[in-house]
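Q: Got a predicted structure plus its sequence, pasted below:
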Amino acid sequence: MNIEALQASWRQVERIGDEAVQYFYSHLFLAHPEVRDMFPIRMTGQRDKFFAALGRIVTNVETLAADPEFVAQLGRDHRRFGAVAAHYPAAGASLLATLAHFHGRAWTDELAQTWTDAYYAVADIMVNAAEAASDTPAWWDADIVATEKRSVDVTVHTVRPHQPYRYQPGQSLAVEIPQRPRLWRYFSPANAPRPDGTFDIHVQVVDGGEVSATFARNARPGDRIRLGAPVGNAFVIPPGAVDNLLLIAGGSGLAPLRAVVDGIEQQSRQGSVPRVQLLHGVRTSWNLYDHEALQALTEHPWFSYTPVVSEDPGFHGVQGTVGAVAARGRDLTGTTALVCGSPAMVTATVAALTAAGMPRHAIRFETFGQAPVADQAGRSVDKVAQWM
């Protein structure tokens, strides 16, 4: 495989931008109209994520064999959309047709073979990963059993899966709501597993998000939603693995870290646990939607909590950006940091911690195989769990 030629040709397609992605989907849906129902009605966000995922694969193609997890997770994710092995040749044919169209005379037999080899190497990983996961459901049905509006833009839904759903505190899952079919978005259980199988999901309205506003404002008890398999291990802390945890949350990025704290609280009933410092950063004081519960947890000698507000001069507490506050005047020796929030917040926090002398390997954040992406205003955008 000529990796240099592969990557150079991809850079050319990147310069073309959305026109190339539109051509791909038009070709796919015309040649195979039966797959159209696998995709959302509005394709704008889907096109963006397809481009981002394919770009990541091509950029890292040299390490694909040694580190296939990003591609394998895509294969497992695609089970939710009804993708089967027979669909991959169709997508491959449309991808090659798109590349040939935009490369024109530069599309040689050698380049076509390079792309064919690369595509089917990726497809094999995805298909094998999907087949290996076939002993688990493609998705879990769950009911919303309670809803609590915590602030102007944060709602907490309590959900109960119909079948046993096993996850570890700190993991996330893709969710599809009936009001937005085929638009899966990642959320995190905000508690450790409970005996009754329920868990809470924190939903914050994201400007321009196709799912978050509807999920926060229109979903009701009795609604049936779908859950993808739990993913992510960056925030999974085995008992006894660390002595000091620094948890840094921005907005509803609190959810998975709240689950980590909940799990540690359960462990504390059986033995020793790490020292935990939690900082929750928000823009205004009314965004501190879990303040009372977190304050109550400070009765435990191993737990401390600091609310941080960045855009409310009247707040009588710590002010500033949460990453800068976390890195300032704190002994970070022997500490493991878990960072969760918008992509811009994660990037800024990691930079602040490393500048303060914290080793990069001691800072954990979850990207589901993708680099954090922010919109022009620095806000997070809804994550899409589909690329093909």
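A: Yep, that arrived. Numbers count the residues shown, from 1 in each chain.
Q: any idea of the mean pLDDT for the lengthiest helix in the chain?
A: As assigned by DSSP state H, the longest helix anywhere in the chain is helix 109-132. For helix 109-132, the mean per-residue pLDDT is 93.
Q: List the buried residues in the very next helix or strand once past it.
A: On the C-terminal side of helix 109-132, the nearest following helix or strand under DSSP states H and E is strand 140-149. Neighbour-count burial for strand 140-149 flags W140, A142, I144, T147 (criterion: 16 or more other CB atoms under 10 Å). Where C-beta positions appear, they are placed from N, C-alpha and C, glycine not excepted.
Q: Which positions are bridged to I363 in the beta structure?
A: A337 (DSSP bridges).
Q: list the contacts for it?
A: Contacts for I363 (CB atoms under 8 Å, 6 or more residues apart in numbering) come out as T336, A337, V339, V350, L353, T354.
Q: tell me the pLDDT at the closest residue to the first one other than its chain neighbours?
A: Computed as CB to CB, 6 or more residues apart in numbering, the closest residue to T336 that is not its neighbour in sequence is V242, at 4.6 Å. The predicted local distance difference test score for V242 is 95.
Q: Can you give me the neighbour number for V242?
A: 18 (other CB atoms under 10 Å).
Q: ok, so what distance separates it from P169?
A: 14 Å (CB to CB, to the nearest Å).
Q: Equivalent analysis for T63, please.
A: 30 Å.
Q: more neighbours, these two?
A: Between T63 and P169, P169 has the larger neighbour count (other CB under 10 Å), namely 25 against 9.
Q: Could I get the contacting residues of the more buried one?
A: So P169 contacts P189, N191, A192, P193, F235, V236, P256, A259, V260, D262, G263 (CB under 8 Å, 6+ apart).
Q: I'd say the first one and T198 touch.
A: Spelled out, that is P189. No - contact criterion CB atoms under 8 Å: P189 and T198 do not qualify, at 9.5 Å.
Q: The two: who's more crowded?
A: P189 (28 against 18).
Q: ok, what's across the strand from the more buried one?
A: Going by DSSP bridges, P189 forms beta bridges with I201.
Q: R217 against G209, yeah?
A: No - using CB under 8 Å, R217 is not in contact with G209, being 11.6 Å away.
Q: what about those two, which has more around it?
A: G209 (20 against 13).
Q: Let me know the secondary structure of the more buried one.
A: coil (DSSP: H, G, I helix; E, B strand; the rest coil).
Q: Give me the pLDDT value at it.
A: 80.
Q: What distance do you get for it to S342?
A: For G209, the distance to S342 - CB to CB - is 12 Å.
Q: what's the answer for Q12, then?
A: From Q12 to S342 the distance is 32 Å (CB to CB).
Q: Name the residue in those two with the higher neighbour count.
A: The neighbour comparison of Q12 against S342 (other CB under 10 Å) goes to S342, with 22 against 13.
Q: Am I right that the more buried one is in contact with G253?
A: Yes - between S342 and G253 there is a contact at 7.2 Å, judged by CB under 8 Å.
Q: what's the average pLDDT for stretch 366-382?
A: 44.
Q: Identify all contacting residues around stretch 191-200.
A: For stretch 191-200, using CB under 8 Å, 6+ apart, the contacting residues are 145, 156-161, 164-167, 169, 189-190, 255, 258-259, 262-263, 265-266.
Q: Flag the shaky bits of this structure, pLDDT-wise.
A: Scanning the chain for pLDDT under 70 picks out the ranges 43-48, 368-388.
Q: Which parts of it are helices?
A: 3-16, 18-31, 44-59, 69-77, 87-103, 109-132, 212-217, 254-268, 291-297, 322-327, 343-355.
Q: As a markdown table, these with distance to S285 would be great.
A: Shown next, in a markdown table, are the helices of the chain (distance: least, CB to CB, whole Å):
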| stretch | distance to S285 |
| --- | --- |
| helix 3-16 | 43 |
| helix 18-31 | 40 |
| helix 44-59 | 32 |
| helix 69-77 | 38 |
| helix 87-103 | 49 |
| helix 109-132 | 45 |
| helix 212-217 | 20 |
| helix 254-268 | 15 |
| helix 291-297 | 9 |
| helix 322-327 | 14 |
| helix 343-355 | 18 |
